[in-house]
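1. Pasting the sequence and the predicted model now:
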2 protein chains.
Amino acid sequence: MKKDCLIVLSGGMDSVTMLHDYKNRIALAVTFDYGSNHNAREAECAARQCQALGIEHLVILLSFMGQYFKSSLLEGADAVPDADYAEDNMKSTVVPFRNGIMLSVACGLAESRGLQHVMLANHGGDHAIYPDCRPDFIRSMSAAMQFGTYPHIDILAPYTDLTKADIARIGRRIGVDYSLTYSCYRGGERHCGRCATCRERREAMAEAGIDDPTVYEES
Amino acid sequence: MKKDCLIVLSGGMDSVTMLHDYKNRIALAVTFDYGSNHNAREAECAARQCQALGIEHLVILLSFMGQYFKSSLLEGADAVPDADYAEDNMKSTVVPFRNGIMLSVACGLAESRGLQHVMLANHGGDHAIYPDCRPDFIRSMSAAMQFGTYPHIDILAPYTDLTKADIARIGRRIGVDYSLTYSCYRGGERHCGRCATCRERREAMAEAGIDDPTVYEES
């Protein structure tokens, strides 16, 4: 199979599962460090996963986002709300147009490298809060990339309509080591267990029947 | 009039004309430094134009482009072809998906600042060589931004179907000082007079009946 894909790889459960799921098509994995609390730990997991699979891995620094963008994800662990907060509070974790930015940088890099597709592991669980994870966004962004590049690069987002538990089931089936993934929005040495991504991580693994290897601060 | 626009401002003729043309609607101007030969001189012109108009100006560094992207514009003055080269050669000056990247960063910044529109001074003369200047791209990218942000931020690109000479005529009418703009792809202290942008700059000013204030190395 031709290796003609670049994957946006955070180092969390979803993109790491996709990395293993599509390892035969992926030529390059890119992790973006945009100054969030959890970027450094995510990037370390991403690097180790790629090393294990023999896939080239780059970390690209987007320091302007930490400098100029507004999001609780960029303001330290204490600014991140617990998962049982109201939806309006959860919206504080949105980093404006983050997926648009990561996809467009990935697109330019893919064209520079002669690759044809950019993969993103957005999924159904993110649609409510994150507008740049929804199918309408992905479709329009893919059209913009096709029109805006000579080789008509497009987006592959095969998990768009799956739940996080569906993704965990794929991971279980193909044997992804989730101890080498990181999710917590607070970015501590151990997962906090209370923020939205920690809760989703635990629930997805439980639903998929995975013996969760994560050590949470609060159980 | 409400100041609800962010403009992508290179410091060249087109975006500087747009800055003056829409100064009553522009709250923030952003110049991107992506490591090209001419970025530093462009950015200086952009800063001086904004200072004269009292418009806030930011320079955002996209250093990953110079590091990882493929384009003759990123490889020093000698790599830039003269304007009379064949179209295939001119394509070497394409920076892959540059407008997609600048627009998506501008979009996230606009959402962070409570602004509603992102302005880009793409025009008809760029359509042949630069796919990310064409109407199809602008329309799809604007849709992606509207779907991907809470306030449905969109693109305003009122020069899309104009020629560079049309833009120069607007500039002449409203009194833009073109001595404080920079175009040359080679990035020297003086405009080279031989690259594609130098040629277009001269022709546009001549067609618009402007007494070209630029000092060219080769006349």
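-> Received it, and whenever you're ready, just let me know what you need. Predicted model only: the values in this text are computed from it and were never measured.
2. quick one: the strands in chain A?
-> Here chain A has its strands, by DSSP state E, at A:5-8, A:26-33, A:56-61, A:117-119, A:154-156.
3. Turn those into JSON lines, including mean pLDDT, mean neighbour count and distance to chain B.
-> (Glycine included, C-beta is placed from N, CA and C.) Shown next, in JSON lines, are the strands of chain A (pLDDT from 0 to 100; neighbours: other Cβ atoms under 10 Å in any protein chain shown; distance: least, Cβ to the nearest Cβ, whole Å):
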{"stretch": "strand A:5-8", "mean pLDDT": "98", "mean neighbour count": "24", "distance to chain B": "11"}
{"stretch": "strand A:26-33", "mean pLDDT": "98", "mean neighbour count": "22", "distance to chain B": "9"}
{"stretch": "strand A:56-61", "mean pLDDT": "97", "mean neighbour count": "17", "distance to chain B": "5"}
{"stretch": "strand A:117-119", "mean pLDDT": "98", "mean neighbour count": "25", "distance to chain B": "10"}
{"stretch": "strand A:154-156", "mean pLDDT": "98", "mean neighbour count": "20", "distance to chain B": "10"}
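4. Dump those to CSV, plus distance to residue A:147.
-> Supplementary listing: those in CSV, determined by distance: least, Cβ to Cβ, whole Å:
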stretch, distance to residue A:147
strand A:5-8, 19
strand A:26-33, 22
strand A:56-61, 24
strand A:117-119, 15
strand A:154-156, 10
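5. do you know which of those lies nearest residue B:73?
-> Taking Cβ to Cβ, strand A:56-61 is the member of the strands of chain A nearest to residue B:73, at 19.3 Å.
6. got the angle between that closest one and strand B:56-61?
-> Here the directions of strand A:56-61 and strand B:56-61 differ by 160 degrees (axes from the mean of the first three to the mean of the last three Cα atoms, to 10 degrees).
7. For strand A:56-61, which helices and strands make contact with it?
-> For strand A:56-61, the packing partners by 3 or more Cβ pairs under 8 Å, 6 or more residues apart in numbering or on different chains; DSSP states H and E come out as strand A:26-33, helix A:39-53, helix A:98-113, helix B:63-68.
8. Please put the alpha-carbon coordinates of the first one into PDB.
-> Only the C-alpha atoms of strand A:26-33 are listed here, as PDB (Å, rounded to 0.1, in the frame of the first residue of the first chain):
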ATOM      1  CA  ILE A  26       1.200   6.900   7.000                       C
ATOM      2  CA  ALA A  27       4.500   8.500   5.900                       C
ATOM      3  CA  LEU A  28       4.700  11.300   8.400                       C
ATOM      4  CA  ALA A  29       3.200  12.200  11.800                       C
ATOM      5  CA  VAL A  30       3.100  15.800  13.000                       C
ATOM      6  CA  THR A  31       2.400  16.900  16.600                       C
ATOM      7  CA  PHE A  32       1.600  20.500  17.200                       C
ATOM      8  CA  ASP A  33       2.700  22.300  20.400                       C
END
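9. That strand packs against which elements?
-> strand A:5-8, helix A:39-53, strand A:56-61, helix A:98-113.
10. and the angle from it to strand A:56-61?
-> Interaxial angle, strand A:26-33 versus strand A:56-61 (the same axes, to 10 degrees): 20 degrees.
11. strands paired with strand A:26-33, and their directions?
-> Within its sheet, and counting by DSSP bridges, strand A:26-33 is paired with strand A:5-8 (parallel), strand A:56-61 (parallel).
12. Select the helix or strand of chain A having the lowest average pLDDT value.
-> One helix or strand of chain A scores below all others by mean pLDDT, DSSP states H and E: helix A:87-90, with a mean of 72.
13. hmm, who's touching that helix?
-> The contact list for helix A:87-90 (Cβ atoms under 8 Å, 6 or more residues apart in numbering or on different chains) reads A:81, A:83, A:128-129, A:196.
14. Within reach of chain B, which of these are there?
-> Checking those against chain B by Cβ under 8 Å from any Cβ of the partner chain, not one of them is in range.
15. Report the contact partners of residue A:67.
-> Residues in contact with residue A:67 (Cβ under 8 Å, 6+ apart) are residue A:35.
16. any idea how far residue B:101 is from it?
-> 17 Å (Cβ to Cβ, to the nearest Å).
17. low-scoring stretches of chain A, by residue?
-> Applying pLDDT under 70 to chain A flags the ranges A:84-86, A:219.
18. How many neighbouring residues does residue A:208 have?
-> For residue A:208, the neighbour count with other Cβ atoms under 10 Å in any protein chain shown is 20.
19. So the closest residue to residue A:164 other than its chain neighbours versus residue B:155, what's the distance?
-> What sits nearest to residue A:164 in space, not counting adjacent residues and going by Cβ to Cβ, 6 or more residues apart in numbering or on different chains, is residue A:204, at 3.9 Å. Computed as Cβ to Cβ, the residue A:204 to residue B:155 distance reads 36 Å.
20. for residue A:32, same thing?
-> Applying Cβ to Cβ, the value for residue A:32 to residue B:155 is 23 Å.
21. Contacts only, for the closest residue to residue A:16 other than its chain neighbours.
-> Counting by Cβ to Cβ, 6+ apart, residue A:16 lies nearest to residue A:181, which is 4.8 Å off, once chain neighbours are set aside. Taking Cβ under 8 Å, 6+ apart, we find residue A:181 in contact with A:11-13, A:16, A:45, A:49.
22. nearest to chain B, of these?
-> Each of the contacts of residue A:181 was scored against chain B by Cβ to the nearest Cβ, and residue A:11 proved nearest at 18.0 Å.
23. Nothing else from me, thank you.
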